[in-house]
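In: Take a look and give me a structure for this.
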Amino acid sequence: MIRPSAFLLAALIAAAPLSQAVAQDRGSRGERPDRSERQQPEERPRISVGDAVQRASSGRSGRFLGASNRGDVIVVRWEYPGGRVADIMVDARSGRVVGER
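Out: Numbers count the residues shown, from 1 in each chain. Below you'll find the model as predicted:
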């Protein structure tokens, strides 16, 4: 008889912290937070690498050598007619060309 009551007591003790964590997760009125209030995962780039290449090549003569996505910036490698190679940085969110080196 002692064993079932001991198991019941242990289960109640184990469940107590869980209910407190659920209560902290809810707002002041007890409702769940809206999706906008939840922490959003980091946004992915809004433009594709192909769009970045198109924007980087716009108005430039030469040829495309390659591209890499580096988080906030997409780097487009470009070779100009004289043989000079440049890296053109395109903002991954807005699509604007932000620099060249």
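In: which stretches of this structure form helices?
Out: Under the criterion DSSP state H, the chain contains helices at 2-25, 49-57.
In: Go through these and find the least confident stretch.
Out: Per-stretch mean pLDDT for these is lowest at helix 2-25 (a mean of 65).
In: from what I can see Arg60 touches Trp78, true?
Out: Yes - Arg60 is in contact with Trp78 according to C-beta atoms under 8 Å; the separation is 6.5 Å. To be clear about C-beta, it is placed using only N, CA and C from the backbone, and glycine gets the same treatment.
In: Between the two, which has more neighbouring residues?
Out: Neighbour count, other C-beta atoms under 10 Å: between Arg60 and Trp78, Trp78 has more, with 22 against 16.
In: Could I get the pLDDT score of that one?
Out: At Trp78, the predicted lDDT confidence score is 97.
In: if I pick it, what's in contact with it?
Out: By C-beta atoms under 8 Å, 6 or more residues apart in numbering, the contact set of Trp78 is Ala56, Ser57, Arg60, Gly62, Arg63, Phe64, Leu65, Val85, Ala86, Asp87, Ile88.
In: Out of the residues you listed, the closest to Ile13 would be?
Out: Among the contacts of Trp78, Asp87 lies closest to Ile13 (C-beta to C-beta), at 60.8 Å.
In: shouldn't the closest one be in contact with Val98?
Out: No - in this structure Asp87 lies outside contact range of Val98 using C-beta under 8 Å: 11.5 Å.
In: of those two, who's got more company?
Out: Set side by side, Asp87 and Val98 show unequal neighbour counts under other C-beta under 10 Å, the larger going to Asp87 at 17 against 12.
In: show me the contacts for Met89.
Out: In this structure, Met89 makes contact with Val73, Ile74, Val75, Val76, Val97, Val98, Gly99, Glu100, Arg101, judged by C-beta under 8 Å, 6+ apart.
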